[in-house]
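Engineer: Sequence first, predicted coordinates after that:
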Amino acid sequence: MYSSYFLSKRLVSIHMLAIQLLLIRSVSSLNLTNAYLNHKCRVSEGKYQSGSKYEENLNYLIKTVSINLQNGFEHISYGEAPNTVAFIFQCRGDSYGSKCRSCYATAVAGLRRRCERNKGGIIWYDQCFLDVSTSDQRAPRKIDYENRFSLHNPNNINGETKLFNKKTEDFLYNLIPKATRSAGEGNEPIYYAAGEERLGTKKLYAMVQCAKDIALCKDCLELIIRELSKCCQGKQGGRVLSTTCNLRYELYPFIST
């Protein structure tokens, strides 16, 4: 159902047929699936050997995060250089509990399979993403400009395209203050917001989310909203994802409330 636009400024087309089939099947279940979206192997960080100290540290972190995953987000590192392993993991804001833990297990297995014995890599699923690296990125993290890609629905909207694009962007911009507000006095920002808005006879559904360890959530979301003009003009659905923030809109409900 989706086609890819770019990843690190290059076109990405592989695996898209499988993505289309997976996403089509998931519409009726609000897309609460572990559908694979994309991945990137950090080839420059090298590979690890079986039984090595790096593998030992990696396995320790995999288990630790699995046990401690409570709020849908983890940024953690373990071990000393050159065997440091750093994890950044986040579930979508409406994916929690067993759904989040299931996506974590899927992401770990998927990254191991697609980036076999690579020390670093990133993998995105419908409900979560996992970023593994040999160097820890200190929080608060800066906006990730490099590891960003988009997906769009191949179906065009019926009617006035420019008006639809404008209303979609305005709706997404209006979600930013909700995502960056605090849950309560003294609490950290929520970094997630979702909603719906009527457009004539149809409804527009959308969500925005930032990783909980970045400094400039508002700036990150504004950046990826602007990216929609490059990928998704007049499309019935679209999304932009990175390791620091992401967004999605559709003309059907895809968010669990």
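Structural biologist: Thanks, I have the structure now. Residues are numbered from 1 along each chain as shown.
Engineer: quick one, strands of this protein?
Structural biologist: Secondary structure of the chain by DSSP state E: the strands cover 3-7, 36-41, 73-78, 85-91, 121-125, 128-133, 149-152, 192-199, 202-210, 238-241, 245-250.
Engineer: phi, psi of residue 137?
Structural biologist: The phi and psi torsions at residue 137 (degrees, to the nearest 10) take the values phi -90, psi 120.
Engineer: what sits against it?
Structural biologist: Taking Cβ atoms under 8 Å, 6 or more residues apart in numbering as the contact definition, residue 137 lies against 75, 86, 88. Where you see a C-beta, it was placed from the backbone N, CA and C, and this is true even at glycine.
Engineer: let's see it at 6 Å
Structural biologist: Neighbouring residues of residue 137 by Cβ atoms under 6 Å, 6 or more residues apart in numbering: there are none.
Engineer: so where's this protein shaky on pLDDT?
Structural biologist: Residues of the chain that meet the criterion pLDDT under 70 lie in 1-32, 183-187, 257.
Engineer: In the protein, spot the helix with the most residues.
Structural biologist: The longest helix of the chain (DSSP state H) is helix 161-180.
Engineer: what's in contact with it?
Structural biologist: Helix 161-180 is contacted from outside by 157, 189, 191-193, 197, 199, 206, 208, 217-218, 221, 225, 233-234, 247, 249, using Cβ under 6 Å, 6+ apart.
Engineer: Just the CA coordinates for it, please, in CSV.
Structural biologist: Taking only C-alpha atoms (Å, rounded to 0.1, in the frame of the first residue of the first chain), the coordinates of helix 161-180 have been written out as CSV:
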residue,chain,number,x,y,z
THR,A,161,-5.2,18.7,-4.0
LYS,A,162,-3.7,22.0,-2.8
LEU,A,163,-6.5,22.5,-0.2
PHE,A,164,-6.0,18.9,1.1
ASN,A,165,-2.3,19.4,1.4
LYS,A,166,-2.8,22.7,3.3
LYS,A,167,-5.3,21.2,5.7
THR,A,168,-3.2,18.2,6.3
GLU,A,169,-0.1,20.2,7.1
ASP,A,170,-2.1,22.6,9.3
PHE,A,171,-3.5,19.7,11.2
LEU,A,172,-0.1,18.2,11.8
TYR,A,173,1.3,21.6,12.9
ASN,A,174,-1.6,21.9,15.4
LEU,A,175,-0.6,18.6,16.9
ILE,A,176,2.9,19.8,17.8
PRO,A,177,1.9,21.9,20.9
LYS,A,178,0.0,18.8,22.2
ALA,A,179,3.1,16.6,21.7
THR,A,180,5.4,19.1,23.4
